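Novice: Structure for the following, please:
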Amino acid sequence: QVQLVESGGGLVQPGGSLRLSCAASGFTLDYYVIGWFRQVPGKEREGVSLISSDVSTYYTDSVKGRFTISRDNAKNTVYLQMNSLKPEDTAVYYCAAGDQKTMLPRLYDYWGQGTQVTVSS
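Specialist: Down below sits the predicted model:
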């Protein structure tokens, strides 16, 4: 059974850090583009970052310099290190697997269930 499971979300104060994990089962992440997306109620799902099989990366402008995406193929897991968090980073964060370097959600094949990140004092 193909499955992606996110973890690591929570409540953090502005300026704090969190590390999200995206663990895969039923398939090997190595061959896929893994994207992180986020969504707040009433808004469209937004692409945050992606990492490809050749370890090239992309970040949306609002998180450049603060977020870092990485992958550990041995653990079949992708991480999103989030530093200097701001209240506007509050959202449900999803990871997804696809075969194209794109931040278009509709082009991803597999999705996790999401993890809530809340940045508030």
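Novice: Only the buried residues of stretch 80-87, if you could.
Specialist: Using 16 or more other Cβ atoms under 10 Å as the test for burial, stretch 80-87 gives 80, 82, 85. C-betas here are computed from N, CA, C, even on glycine.
Novice: can you give me the strands for this structure?
Specialist: Assigned by DSSP state E, the chain shows strands spanning 3-7, 10-12, 18-25, 33-39, 46-51, 57-59, 67-72, 77-82, 91-98, 108-111, 115-119.
Novice: Now mean pLDDT too, for those strands, in a markdown table please.
Specialist: Shown next, in a markdown table, are the strands of the chain (pLDDT from 0 to 100):
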| stretch | mean pLDDT |
| --- | --- |
| strand 3-7 | 97 |
| strand 10-12 | 98 |
| strand 18-25 | 97 |
| strand 33-39 | 98 |
| strand 46-51 | 98 |
| strand 57-59 | 98 |
| strand 67-72 | 97 |
| strand 77-82 | 98 |
| strand 91-98 | 98 |
| strand 108-111 | 96 |
| strand 115-119 | 98 |
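Novice: Could you list everything the residue most central in space within the chain pairs with in the sheet?
Specialist: Taking Cα atoms, centre = their mean, the centroid of the chain lies closest to W36, which sits 2.6 Å from it. In this entry, W36 is beta-bridged to S49, C95, by DSSP bridges.
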